[in-house]
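J.: here is a sequence together with a model predicted from it:
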There are 2 protein chains.
Amino acid sequence: MSTVRRRPVRSGVTARVLDVLGAFTPSAPELGLTDIATRTGLPLTTVHRLVGELAAGGALDRGDDGRYRIGLRLWEIASLAPASRGLREAAMPFLEDLHEVTRHNVQLAVPDAADPGEVVYVERLSSRDAVSIVTRTGSRLPAHATGVGLALLAHADPDDVERVLARPLRRFTPHTVCDPDGVRTLLAQVRGYGFVISDRQIEPVSLSVAAPVRAGDGPVVAALSVVVPADGTNPHTWVPAVRAAARGISRALAAPESRS
Amino acid sequence: MSTVRRRPVRSGVTARVLDVLGAFTPSAPELGLTDIATRTGLPLTTVHRLVGELAAGGALDRGDDGRYRIGLRLWEIASLAPASRGLREAAMPFLEDLHEVTRHNVQLAVPDAADPGEVVYVERLSSRDAVSIVTRTGSRLPAHATGVGLALLAHADPDDVERVLARPLRRFTPHTVCDPDGVRTLLAQVRGYGFVISDRQIEPVSLSVAAPVRAGDGPVVAALSVVVPADGTNPHTWVPAVRAAARGISRALAAPESRS
């Protein structure tokens, strides 16, 4: 796992192709040619050519409005990523059990290999009556402010952790722990108790109970959490179910048939 | 939606980049450089360079064994595809309800825009005690042999349907309907009754009950199914729940807040 921030490779067509694809974001999932040119800094003629080639290959789809979206073919290929295929498939039965028992949002996240200060959500099971949350599959949040992020950061390389804590830590609510010592205390709790409660750090109305997921007996590769209303049941009530689900996924990841 | 089979654009670096990514398949999600060269027909030196550039951009990840996998960064971008983002997000609450009521596998699929004879599964909710099925998120199957495929094909362009039926139709079990007239009969049933029962067509032990999903009052954009044991309850028992879920998703897709 790389511990340095990924630097975009600006030279070469491959890098430009990835820049065009990377112009699409959760807040801008549909883009026109000019939008893509602005976001990538590439000349409009280059964007026009690359987008045409990407659309011909199914990596982008052109809507009736002339705007482009990520194509189904790219999604199909990308669903082969280990986080989606091996981890998500092994985790799903346990996430579903946890979801059914708690009736709250259940999430599975992995660290961003290029930036241990961020987590990417690879699955989310929600309920119509669950507290609303900002995350969705494929979205990301800072590690210091989320239950899954703290569970992952607690088991990251200590040098990486210090690099993350040396950066400004974004505040989401008055409850977000933004001072490095406060975060270090939470990380020590994860290591000591095997879970963490992230109390109203992202939204003032909800908290999450999270636990790390190991690849069998190996390193921590993911974390799961349940997001519950902050004014509801004592959050410690959920800890055994969350820890049991995390251990179940770890066990499933150790079984050879779940590694594919 | 394109109605012609996509032809790979073999010239240009963009096409070669997509060829390298497309070398990864559900049956071969991890590849070495030589594997990729063999599968793409590209010279090893070209593969070496492209793979290096893709790995630098996070589109591929290199494992400790020197083999490559699809990278988390590409998955993150690809999760912005409308099939994943808009459709899947709108459908999830209804899929979860259906899953909870039936306790069987629930699936959501979309047509391959480049080949209406195939469907791509964008979501699957399974249970530990449900009948085992071959599909998973991101996998594909021929439309003629699956419930979701028949539900989609029934509302496809008639010329496309005839082109699909003019091809050899793959047999999976002795029950797979492989003659064009038999498929046409099933398609007429979908249009007449709003659902279809695909009886032991993929595996001899299971059948699926499927219904089409419209974008609001517009065209059919997806289909959902529940997969149940062939020797279990009368499959017609599941029809009302499947149709109700399909209509619920259609309604959610019509609501502006679900279109993002």
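T.: Yes, it's here.

J.: from here on, just use CA atoms for contacts and neighbour counts.
T.: Fine.

J.: quick one, helices of the stretch 1-150 of chain A?
T.: Using DSSP state H, counting those that start in this stretch, the helices of the stretch 1-150 of chain A run over A:13-22, A:33-40, A:44-56, A:72-78, A:88-102, A:147-153.

J.: distance from the chain centre to the fifth one, please.
T.: Meaning helix A:88-102. 17 Å (Cα atoms, centre = their mean, to the nearest Å).

J.: again with the fourth one
T.: Computed by Cα atoms, centre = their mean, the separation of helix A:72-78 from the middle of its chain amounts to 18 Å.

J.: quick one: A:R136 and A:S126 touch, right?
T.: No: the pair A:R136 / A:S126 is not scored as a contact, 9.5 Å apart, by Cα atoms under 8 Å.

J.: more crowded one of the two?
T.: Ranked by neighbour count (other Cα atoms under 10 Å in any protein chain shown), A:R136 and A:S126 place A:S126 first, with 23 against 19.

J.: who's in contact with that one?
T.: A:99, A:104-106, B:92-93 (Cα atoms under 8 Å, 6 or more residues apart in numbering or on different chains).

J.: against chain B, how distant is A:V177?
T.: 27 Å (Cα to the nearest Cα, to the nearest Å).

J.: so that residue makes contact with A:H144?
T.: Yes: proximity of A:V177 to A:H144 meets the contact threshold set by Cα under 8 Å, at 7.4 Å.

J.: who touches both of those two?
T.: Here A:V177 and A:H144 have A:V183 as joint contacts, going by Cα under 8 Å, 6+ apart.

J.: more crowded one of these two?
T.: Neighbours around A:V177 and A:H144, counted as other Cα under 10 Å, are more numerous at A:H144. The numbers are 33 against 22.

J.: distance-wise, check A:A55 relative to B:P229.
T.: A:A55 is 40 Å from B:P229, where distance means Cα to Cα, to the nearest Å.

J.: then the worst-scoring helix or strand of chain A on mean pLDDT to PDB, C-alphas only?
T.: Taking mean pLDDT, DSSP states H and E as the measure, chain A has helix A:88-102 as its least confident helix or strand, at a mean of 87. Written as PDB, here are the backbone C-alpha positions of helix A:88-102 (Å, rounded to 0.1, in the frame of the first residue of the first chain):
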ATOM      1  CA  ARG A  88     -18.000  -6.700  -0.500                       C
ATOM      2  CA  GLU A  89     -19.200 -10.200  -1.500                       C
ATOM      3  CA  ALA A  90     -17.800 -11.700   1.700                       C
ATOM      4  CA  ALA A  91     -19.200  -9.000   3.800                       C
ATOM      5  CA  MET A  92     -22.800  -8.800   2.400                       C
ATOM      6  CA  PRO A  93     -24.400 -11.600   4.400                       C
ATOM      7  CA  PHE A  94     -23.000 -10.100   7.600                       C
ATOM      8  CA  LEU A  95     -24.000  -6.600   6.700                       C
ATOM      9  CA  GLU A  96     -27.500  -7.800   5.900                       C
ATOM     10  CA  ASP A  97     -27.800  -9.600   9.300                       C
ATOM     11  CA  LEU A  98     -26.600  -6.500  11.100                       C
ATOM     12  CA  HIS A  99     -29.000  -4.300   9.100                       C
ATOM     13  CA  GLU A 100     -31.900  -6.600   9.900                       C
ATOM     14  CA  VAL A 101     -31.100  -6.700  13.600                       C
ATOM     15  CA  THR A 102     -30.500  -3.000  14.000                       C
END
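
J.: domain ranges for chain A?
T.: Domains of chain A are assigned by automatic domain parsing as A:13-78, A:83-258.

J.: how about JSON lines for the ones you listed, with distance to B:V148 added?
T.: What follows is those, written out as JSON lines (distance: least, Cα to Cα, whole Å):
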{"stretch": "domain A:13-78", "distance to B:V148": "17"}
{"stretch": "domain A:83-258", "distance to B:V148": "21"}
